[in-house]
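S.K.: Structure for this input, please:
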Amino acid sequence: MQEPNLRFDQIGTSDRGLTRIFWVMSRHSEAHLGDVRWFGAWRKYCFYPAANTVYDKTCLREIADFCERTMENHCAK
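M.R.: Numbers count the residues shown, from 1 in each chain. As a prediction, this is how the structure comes out:
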């Protein structure tokens, strides 16, 4: 299995404290690539990319898998 390219760091919670906010970081360059946070209209965690960032299919899968796991943990509460 390939080493993950990304790291997901919890940086806090929403203003109301009901959902978590994560920074998506490159493991290679330590660059902040965007955030994973709650999108109320869809009632799910979504990825908010930083400006001028580009992703390949491997990174997109890592982000999607993280969002899915985060939703499973959120719904289990």
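S.K.: Where does the residue nearest the centre of the chain sit, in terms of helix or strand?
M.R.: With distances taken as C-alpha atoms, centre = their mean, the residue of the chain nearest its centroid is Val36 (3.3 Å). Secondary structure here is read from DSSP states H and E; on that basis Val36 sits in strand 32-39.
S.K.: Partner strands of the helix or strand that that strand is followed by, with direction?
M.R.: Next helix or strand after strand 32-39 toward the C-terminus (DSSP H and E): strand 44-49. The sheet places strand 44-49 alongside strand 32-39 (antiparallel), with pairing taken from DSSP bridges.
S.K.: And the strands in the protein?
M.R.: Under the criterion DSSP state E, the chain carries strands at the ranges 6-13, 20-26, 32-39, 44-49.
S.K.: Including mean pLDDT, could those strands go into JSON lines?
M.R.: Converted to JSON lines, the strands of the chain look like this (pLDDT from 0 to 100):
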{"stretch": "strand 6-13", "mean pLDDT": "97"}
{"stretch": "strand 20-26", "mean pLDDT": "98"}
{"stretch": "strand 32-39", "mean pLDDT": "98"}
{"stretch": "strand 44-49", "mean pLDDT": "98"}
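S.K.: Including distance to Cys67, could these go into CSV?
M.R.: (Glycine included, C-beta is placed from N, CA and C.) Shown next, in CSV, are the strands of the chain (distance: least, C-beta to C-beta, whole Å):
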stretch, distance to Cys67
strand 6-13, 10
strand 20-26, 10
strand 32-39, 6
strand 44-49, 5
